[in-house]
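1. structure, please.
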Amino acid sequence: MSGRICLITGVTGMAGATAWKLSQLGAKVHVVARKVTDLENIATQMAAAGLQPTWSQADLSDETATEAAVASCVAQHGRIDALFAVAGGSARKHGDGPVEQASLEGFRAAWELNAIPTFLAVREVVRVMLGQEPDPNGNRGSILLMSSVLASSPASLFATHGYAATKGGINSLTRAMASHLAGDGIRVNAVAPGLVATPMSQRAQDDPDSLAYAARKQPLAGGLIPAAAAANLAAFLLSPDAAYITGQVIDLDGGWSVTEAP
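-> Just a heads-up that it's a prediction; the model follows:
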């Protein structure tokens, strides 16, 4: 990843771990998130380790703010070689849940939190990639989206159906964009994690039943998956080592999707 320009949406959990990983591999990382304090924290911590990420503050559900954040990355670095669109979250507090209990507000909030930021970031980055010269291998860029194991392997214990629907939409978007952009030298894939130890999963981490379920359902992890595992996978999929992989939704689930657990 030496010298490659990588834009990451989100700055905690899997996004933050990937920012560290890519920087350590020699990439120039630009992170975008809503909270300035989170951006300042990771920039300070990485600077102390000799790494120099750049960043933009933006509400990624806002079209103008997203356009400005991507433009800022290009203004500082000249191009974008990779995008990891992580920003999103649970809409449970807004009323998402099992379909018979979910509110319209909660369902809409799930799309505002997950689908809209992904779409806006991808749209702006694809526009940049299409306008830049390909690298010596004919590639213009690599895009990685954030799905979830719940889109294809649901569990009643984690029944937030609006969230699952947005992740299913991201799976479809991944394949459609990969088909459309392959001829332009742009790869598009998605990672579908199981239960990962991140700030978003704190509710599950505080719940003994959820922890016990994760231990049974994710036997390769024996519980929650570390965020570093997602960073390792992202680094591979965004790198030239994955030059011939596109249109794939890859489960990072510790066995969740192939394990029967009561």
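
2. helices and strands around the lengthiest strand in the chain, which ones?
-> Using DSSP state E to define each element, the chain has its longest strand at strand 186-193. Other elements packing on strand 186-193 under the criterion 3 or more Cβ pairs under 8 Å, 6 or more residues apart in numbering; DSSP states H and E are helix 116-130, strand 141-146, helix 161-181, helix 227-238, strand 249-252. (Each C-beta comes from the backbone N, C-alpha and C, glycine too.)

3. which non-adjacent residue is nearest Ala235?
-> On the basis of Cβ to Cβ, 6 or more residues apart in numbering, the spatially nearest residue to Ala235 that is not a chain neighbour turns out to be Lys21, at 5.1 Å.

4. now that neighbour: which helix or strand?
-> helix 13-24 (DSSP states H and E).

5. quick one: contacts of that helix?
-> Helix 13-24 is contacted from outside by 1, 6, 8-11, 29, 31, 33, 42, 46, 51-53, 82, 84, 86-87, 146, 193, 196, 198-200, 227-228, 230-232, 234-235, 238, using Cβ atoms under 8 Å, 6 or more residues apart in numbering.

6. what's the following helix or strand after that helix?
-> Using DSSP H and E, the helix or strand that directly follows helix 13-24 along the chain is strand 28-33.

7. ok, now which ones touch Leu104?
-> Taking Cβ under 8 Å, 6+ apart as the contact definition, Leu104 lies against Gly95.

8. show me how far the helix holding Lys21 is from its chain's centre.
-> In terms of Cα atoms, centre = their mean, to the nearest Å, the gap separating the centre of helix 13-24 from the centre of its chain is 11 Å.

9. and if you look at stretch 195-202?
-> Centroid displacement of stretch 195-202 relative to its chain, using Cα atoms, centre = their mean, is 13 Å.

10. list the contacts for Ser2?
-> The neighbourhood of Ser2, defined by Cβ under 8 Å, 6+ apart, consists of Leu25, Gly26, Ala27.

11. make that Ala43, sorry
-> Counting by Cβ under 8 Å, 6+ apart, Ala43 makes contact with Val31, Pro53, Trp55.

12. so it, which state does it fall into?
-> The assignment at Ala43 comes out as helix when based on DSSP: H, G, I helix; E, B strand; the rest coil.
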